[in-house]
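>>> Build me a model:
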Amino acid sequence: MPRASSSRSPRPRSSKPRSPWRRRIVVTLQILIGLAVLAVGALAIAVFVAKSQLPSFDELKSSPNGQMIRVHAADGTVIVSLGPSYGEWLPYDRIPEVMRDATIAVEDRRFRQHPGVDPIGIARSVEVRLEKGRWKQGGSTITQQITRTIFLNNQKKFGRKVREAILALAMELKFSKDQILELYLNKVYYGGGAYGIDAASRKFFGHGADHLSLSEAAVIAGLVKAPSNYSPTADAAAAVGRAGVVIDQMKRNGFITADQAANADPQTLKLAPEPRQNSVRYFTDWALPQLDMLIDEQTAPLDVWTTLDLNMQRAADAAIRANAPEGTQGALVSLDRDGAVRAMVGGKDYVSTNYNRAVTAVRQPGSAFKLFVYLAALEAGHKPEDQVVDEPVTIDGWSPRNDSRRNSGSVSLRTAFAYSLNTVAAKLGQEVGFQTVADMARRFGITTPVNTHPSMVLGTSEVRVIDMTSAFASIANKGVKVTPYGITKVVANGQIIYTHEVDRSHVLVAPYIAAEMTDLLQTTVNTGTGRAAQIGRPVAGKTGTTTSLKDGWFLGFSSGITTGVWMGRDNAKPVAGLHGGAAPAKAFADYMKVAVADRPIEQFDTQVTLPEWQLEPDEESYFGQPDNGTAGVDADGNPLPAPVPGESQPGDETMEIPTRRDPATPPQPLQQPVPGTTTPQAPAPVVPQQRLDQAWIDRVTGRGGAGAARDPRAAAPPPRPSARDRQDRQDDRPYQ
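Predicted coordinates for the structure are as follows:
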């Protein structure tokens, strides 16, 4: 029986399931494509919005690059111009082709092909970043650079780069390549304050940029990368080397032939001479940063009127140069009675070193710091005539000694200050309190830290020249604080936006304290360590010399002008022969003779009273010995020839031997000359002139041995008034 055939149903086709990773990749790609489309759309919208907001080409040409500042001296003379310097605007067709080619070759060789942002340049920048580990090669185009110059800043932030790219694309849409290159070459910064190729050409080569040689164009084009590093005036070798790179790039990119490149020689270029920078820049470097605190104007050109007196500034510069010993530096600050800085010298030569020692350096003032010791003593009730004992003293294990290595017994405060007796200053500091002395220094404007060790009375705390000068000026101002200032007014667009107002309300000490301090300071100049500072009219001042002759100071005032002078080495090494009463005092006198020449002679509130008797001079006078044992040197530190017995030596001085005053006889004030009058003089007795040497000092002080003569009146010095006596005198003063 045949088998019945059975019908078979067709088998379903087997399908392999898709991989989940493939689906994810497809979805991711779809998302990325969608995001890219959205990003491109957003970018396009942003670019077109930016384009609609861009200024016109003419507006961009006239927009300023930065703030220009003209600084005037007190008489109106423009002493310096700072900020951007603009040359003539050169249209595209007047810009030399070699300048255009050099710029494109070194800054953006695909400038004519890209739309404002160069993807190839960006890719190369990223590649270098991955290889070097840091951003070493920039990918900015010329369009991006001019966009950053006009609209943005140089902050290295991602957000700024995005805005820069959007603006660059918008610039390319709105302006032609020629217009963009014209903007770039007339506005980009080339260093030295020069904006644009014309300003750069005039600064570095002394002529306009409408005619530039290949070498000149290469130098200017090479500056954009790092204006400070490649400036011809700062580093000529670096500028020449960079110009060689530019010429090689021009040859490689077909802008010049090999022969043209070989014939170009940047080393033969003659640079325009740089204007000589003098000491005026020390003043402007100090004064101009204060503008940030005085005004808010950041864009408008400014005219800044200052206190600087050019005649006094020249005299100050000459005084420092003429008197500072060879191998040293010097600083000078001169203030008018209201604090106006009339002269400021921060060093011998601004070109070789622009470090301003007048306002920045901190140095030990030596005995000049005794101003605050004696101010504290006078405020505590002492008087210039008070007697103190110059004797060995030990305070907390510290035993100061006088520079003369001797003690003089009972002396007045006036005598102790005039001859800078260290033991007396130490005793006064201990009596009033070292913290009180430090507080007095801070009260008078010392801004540096002041220690309270006993030795601080001899000036071991470091100070600034301008602070010390301000302190002495406050004494000259009868105890009213004097704050140095350099800017009198600021003018912007013809309108006065700032005027200085002098504050005369801050009283530091009572007027009689300032008058008594002036009394002591006068004595120092007339017969003490500061005699070299005499100028033929009343002068009050103080010398300062630090250990091992590292610093020399003189600070003083006359006829409303207060001047501080410092000299020394920047490395704080000793300077043989450097005493405050020598070179610094001479520089003070040389300067002040010019500074006060046109001012009336002003008498101080107190007449000059000479010390009771002539003490042996200390280290700071002409006849003392430096504490490091070095002797026989001149003012410049050079050794003098060996003395020949019986012969007078260069530098020896003779003077009338002073005698001690009888306490019963009132002191005779030193008469000051009055211009236009003559004072009849009685015939002076003939006094034998004797050399002021060690034998004479031993003779008059009675320290030369048993046979040495001594003034019998010196045997019994008047006793020092008791604390109660001083309190009685203090109670008689008017209440302050």
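
>>> Let's verify residue 536: helix, strand, or coil?
Going by DSSP: H, G, I helix; E, B strand; the rest coil, the secondary structure assigned to residue 536 is coil.

>>> Quick check: it vs residue 592, distance?
10 Å (Cβ to Cβ, to the nearest Å). C-beta here means a position set from N, CA and C on the backbone, and glycine is covered the same way.

>>> what does residue 57 give?
With distances defined as Cβ to Cβ, the gap from residue 57 to residue 592 amounts to 59 Å.

>>> So which of these two has more stuff around it?
residue 592 (30 against 14; other Cβ atoms under 10 Å).

>>> Tell me if that one really is in a strand.
No: going by three-state DSSP, the assignment for residue 592 is helix, not a strand.

>>> contacting residues for it?
Each residue near residue 592 by Cβ atoms under 8 Å, 6 or more residues apart in numbering is listed here: 533, 535, 539, 556, 558, 561, 563.

>>> And the furthest pair within these?
533 and 561 (12.7 Å; Cβ to Cβ).

>>> what residue ranges in the stretch 101-250 of the chain score low on pLDDT?
Flagging of the stretch 101-250 of the chain using pLDDT under 70 yields the residue ranges 126-139, 153-160.

>>> That one: helices as residue ranges?
In chain order, the stretch 101-250 of the chain shows helices spanning 119-132, 142-151, 158-174, 177-187, 197-205, 214-223, 227-230, 236-252, with DSSP state H, counting those that start in this stretch as the criterion.

>>> hey, which of those helices is tucked in deepest?
helix 214-223 (a mean of 27; mean count of other Cβ atoms under 10 Å).

>>> one step back: for residue 533 and residue 561, indicate the residue with more neighbours.
Applying other Cβ under 10 Å to residue 533 and residue 561 shows that residue 533 carries more neighbours, namely 30 against 23.

>>> Report the separation between that one and residue 312.
Using Cβ to Cβ, one obtains 17 Å as the distance from residue 533 to residue 312.

>>> How about residue 169?
The spacing between residue 169 and residue 312, counted by Cβ to Cβ, is 58 Å.

>>> And residue 291, by the same measure?
With distances taken as Cβ to Cβ, residue 291 is found 23 Å from residue 312.

>>> ok so, going back, let me know the closest of the contacts of residue 592 to residue 246.
Distance ranking of those against residue 246, using Cβ to Cβ, places residue 563 first at 51.6 Å.

>>> so where does that closest one fall, helix or strand?
Secondary-structure element containing residue 563, defined by DSSP states H and E: strand 561-568.

>>> Mind listing the strands that strand pairs with, and their directions?
Paired neighbours of strand 561-568 in the sheet (DSSP bridges): strand 329-335 (antiparallel), strand 551-558 (antiparallel).

>>> Export those strands as TSV, with columns for distance to residue 346.
As requested, the strands paired with strand 561-568 are arranged in TSV below (distance: least, Cβ to Cβ, whole Å):
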stretch	distance to residue 346
strand 329-335	6
strand 551-558	16
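
>>> Which stretch among those strands is buried most, on average?
Comparing the strands paired with strand 561-568 by mean neighbour count (mean count of other Cβ under 10 Å), strand 551-558 ranks first with a mean of 30.

>>> same question for it, mean pLDDT?
Averaged over strand 551-558, pLDDT sits at 98.

>>> try stretch 459-466
Averaged across stretch 459-466, the pLDDT comes to 97.

>>> Just the CA atoms of it, as CSV, please.
Taking C-alpha atoms only, stretch 459-466 is exported to CSV below (Å, rounded to 0.1, in the frame of the first residue of the first chain):
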residue,chain,number,x,y,z
GLY,A,459,69.7,102.5,64.6
THR,A,460,69.8,98.7,64.1
SER,A,461,66.2,98.6,62.6
GLU,A,462,66.1,99.0,58.9
VAL,A,463,64.3,102.0,57.4
ARG,A,464,63.6,103.7,54.1
VAL,A,465,65.2,107.0,53.0
ILE,A,466,61.8,108.6,52.2
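
>>> between the contacts of residue 592, which is nearest residue 232?
Using Cβ to Cβ, residue 563 is the member of these that lies nearest residue 232, at 39.2 Å.

>>> Enumerate the beta-bridge partners assigned to that closest one.
In this structure, residue 563 bridges to residue 334, residue 556 when assessed by DSSP bridges.

>>> Burial check on it, number of neighbours?
Under the neighbour criterion other Cβ under 10 Å, residue 563 is assigned a count of 30.

>>> next one: the one 5 residues further on
Counted with other Cβ under 10 Å, the neighbours of residue 568 add up to 27.

>>> so who does it touch?
For residue 568, the set of contacting residues under the criterion of Cβ under 8 Å, 6+ apart consists of 328-329, 363, 550-552, 575, 578.

>>> excluding its backbone neighbours, what's nearest it?
With sequence-adjacent residues excluded and distances taken as Cβ to Cβ, 6 or more residues apart in numbering, residue 568 is closest to residue 551, at 4.4 Å.

>>> and the one you found, what does it touch?
363-366, 544-545, 566-568, 572, 578.
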